[in-house]
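S.K.: Whatever this is, show me its structure:
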Amino acid sequence: MALQQKIQAELKEAMKAKDKEKTGAIRILIGEFQRQPDKDLSDDQVVGIIKKLIKSERELLAASGGEESGYIVVLESYLPQQASEEDIRSWIRENVDLAAMGNKMQAMRPIMAHFGSRADGNVVKKILQEMD
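M.R.: Down below sits the predicted model:
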């Protein structure tokens, strides 16, 4: 089952369970799906929308001095399992020749292409800066 369909099915479950926080978060997410030009979204597009909503919520919380919200927790539950820093480091050591690149940051493209949504760009950047 595609991620978009899974989320839409979970809306019904959350409504039956009277889980207001989850219901509200899923409704916002489905609203974002409906604003897209394509109505059938790929899992990568859905993950991109979720990440955008999480980033926006975190910025709002930072500006208002708020804590982590249940909304973010619900949205993060739909993201794929993130690759660990050690997994990223070992893949870089085995597959990327940093010496051949003029700048370590040029390695971002192949790393992010390999890991996709399973790696946060900020984590990859930090790892590259730490590597020698």
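S.K.: Residue 117: neighbouring residues, count only.
M.R.: Per other CB atoms under 10 Å, the neighbour tally for residue 117 reads 17. C-betas here are computed from N, CA, C, even on glycine.
S.K.: Show the contacting residues for the residue nearest to it when sequence neighbours are not counted.
M.R.: The shortest distance from residue 117 to any non-neighbouring residue, by CB to CB, 6 or more residues apart in numbering, is to residue 47 (4.4 Å). Contacts for residue 47 were tallied using CB atoms under 8 Å, 6 or more residues apart in numbering; they are 3, 78-80, 117.
S.K.: check which helix or strand covers residue 47.
M.R.: helix 43-64 (DSSP states H and E).
S.K.: Let me see the domain layout of this structure.
M.R.: Domain ranges of the chain: 3-76, 85-130, per automatic domain parsing.
S.K.: Of the ones you listed, which shows the lowest average pLDDT?
M.R.: Among the domains of the chain, domain 85-130 carries the lowest mean pLDDT, a mean of 86.
S.K.: Ends of it, what's the gap?
M.R.: 12 Å (CA to CA, to the nearest Å).
S.K.: Going forward, the N-terminal residue is numbered 424.
M.R.: From this message on, residue numbering opens at 424, which makes the last subject domain 508-553.
S.K.: Relative to the whole chain's centre, how far out is that domain?
M.R.: Relative to its chain's centre, domain 508-553 lies at 17 Å (CA atoms, centre = their mean, to the nearest Å).
S.K.: buried residues in stretch 531-538?
M.R.: For stretch 531-538, burial by neighbour count (16 or more other CB atoms under 10 Å) applies to 534, 538.
S.K.: Same check on stretch 479-496?
M.R.: Under 16+ other CB under 10 Å, the buried positions of stretch 479-496 are 480, 494-495.
S.K.: The residue most central in space within the chain and residue 492: what is the separation?
M.R.: By CA atoms, centre = their mean, the chain has its centre lying nearest to residue 474, at 4.2 Å. Relative to residue 492, residue 474 is positioned 16 Å away (CB to CB, to the nearest Å).
S.K.: same thing with residue 547?
M.R.: For residue 547, the distance to residue 492 equals 26 Å [CB to CB].
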